[in-house]
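Colleague: Everything below, folded, please.
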Amino acid sequence: QVQLAESGGGLVQTGGSLRLSCAASGRTQDIHAMGWFRQAPGKEREFVAGVNWGGGTPLYTDSAKGRFTISGDNTKVAAFLEMNNLKPEDSANYYCASKWGYGISKFPRDYRYWGQGIRVIVNS
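Modeller: Here you go, the predicted model:
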């Protein structure tokens, strides 16, 4: 099994920045891709960004392009989401998730392991 734990969330003003971290442990050799998702109250969980472990171009949802950057530690023990120019609509619980098999997916069903989530609140 893989265990994932997010950190770095919190409260920030519009235009501010946060850096989310996702610490991985357990069978990290089973991680081939990582994704960040978010879920706001009353809404479905949505894809934010994803990256293949081992290189390749990351994938971002349109609202994250140009503002968010996903990266990973080469040893597969951590992934990060740098978020800049945050907006109130970015407020949500953010989750990291790991995927077996290369290829970034936008669909939560394709990710096997999930962190508990961390709250991000952006005040206007």
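
Colleague: so which helix or strand takes in Ser71?
Modeller: According to DSSP states H and E, Ser71 maps onto strand 68-72.

Colleague: Could you identify the helix or strand that succeeds that strand?
Modeller: strand 78-83.

Colleague: Name the residues that touch that next one?
Modeller: 17-24, 34, 36, 48-49, 51, 67-73, 90, 94, 96, 120 (Cβ atoms under 8 Å, 6 or more residues apart in numbering). Glycine gets a C-beta too; all of them are placed from N, C-alpha and C.

Colleague: and the residue most central in space within the chain, how far is that from Ser124?
Modeller: Closest to where the C-alpha atoms of the chain average out (Cα atoms, centre = their mean) is Trp36, at 2.1 Å. Counting by Cβ to Cβ, to the nearest Å, the gap from Trp36 to Ser124 is 23 Å.

Colleague: Would you indicate which residues of the helix or strand the residue nearest to the centre of the chain falls within are buried?
Modeller: Here Trp36, judged by DSSP H and E, is contained in strand 33-39. Neighbour counts using 16 or more other Cβ atoms under 10 Å place Ala33, Met34, Gly35, Trp36, Phe37, Arg38 of strand 33-39 among the buried residues.

Colleague: thought the third one was touching Gly103?
Modeller: Looking back up the chat, that one is Gly35. No: using Cβ atoms under 8 Å, Gly35 is not in contact with Gly103, being 11.0 Å away.

Colleague: if we can go back for a sec, for the residue nearest to the centre of the chain, which residues count as its bridge partners?
Modeller: Beta-bridge partners of Trp36, counted by DSSP bridges, are Ala49, Cys96.

Colleague: Would you agree it is in contact with Val48?
Modeller: Yes: assessed by Cβ under 8 Å, Trp36 is found in contact with Val48 at 4.4 Å.

Colleague: And for Ala23, the neighbour number?
Modeller: Close neighbours of Ala23, defined as other Cβ atoms under 10 Å, add up to 15.
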